[in-house]
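In: the following block contains a protein sequence and its predicted model.
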Amino acid sequence: MKKYLLSSLMLIFCSIALALENKSFGDGANMEKLVAISTVLKSPENYLKEDITIAGTIISVCSKRGCWMKLASDKKFQTLRIKVRDGDMVFPFNAKGETAYATGKLIPVELTKEKAIAYLKHMAEEAKEDFDPKSVTSGMTIYQLSPTGVTIEYKQS
């Protein structure tokens, strides 16, 4: 009985340790190209031609297919979304609060006023927040990173 209990405990601890290891998607993140999200958002046009790596705390993950994550910037109230085609990478829903590094291309997405309203409405629904379409007065450009590699760093507790 003691031998069985000891084996079971060791299996549980090994499972927990494996679950807390860093998780890579695609090629994993290239830490040599690290740029602060605030720097990217200050002058996004400077980062459209080459791969960059961003880092931030994961504040939300697509609840339907795990196809995007929103990362907190190093500055308050700034975020940057990373987005992949459905199924290319599936980000884990339980990664909220962990640190992610993502390497890829910064992509500008031009939205008309109508598309901006639809986008902001969708994002509010995903976040379970209220949205007033009258708050949108014109089109907008959003930026997101299209990653070739992502690494999620799990905290060791």
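Out: It's in. Numbering: from 1, shown residues only.
In: A helix includes T39, no?
Out: Yes: counting by DSSP: H, G, I helix; E, B strand; the rest coil, T39 falls inside a helix.
In: quickly note the distance from it to L80.
Out: Going from T39 to L80 by CB to CB, to the nearest Å gives 11 Å. Using the backbone N, CA and C atoms, a C-beta is placed for each residue, glycine as well.
In: show me the shaky parts of the protein.
Out: Filtered on pLDDT under 70, the chain yields the residue ranges 1-20, 157.
In: find the residue at the geometric middle of it.
Out: M69 (2.7 Å; CA atoms, centre = their mean).
In: report the contact partners of that one.
Out: By CB atoms under 8 Å, 6 or more residues apart in numbering, the contact list for M69 reads 58, 60-62, 81-82, 91, 95, 100, 102, 150.
In: got phi/psi on it?
Out: Main-chain torsions, M69, degrees, to the nearest 10: phi -140, psi 150.
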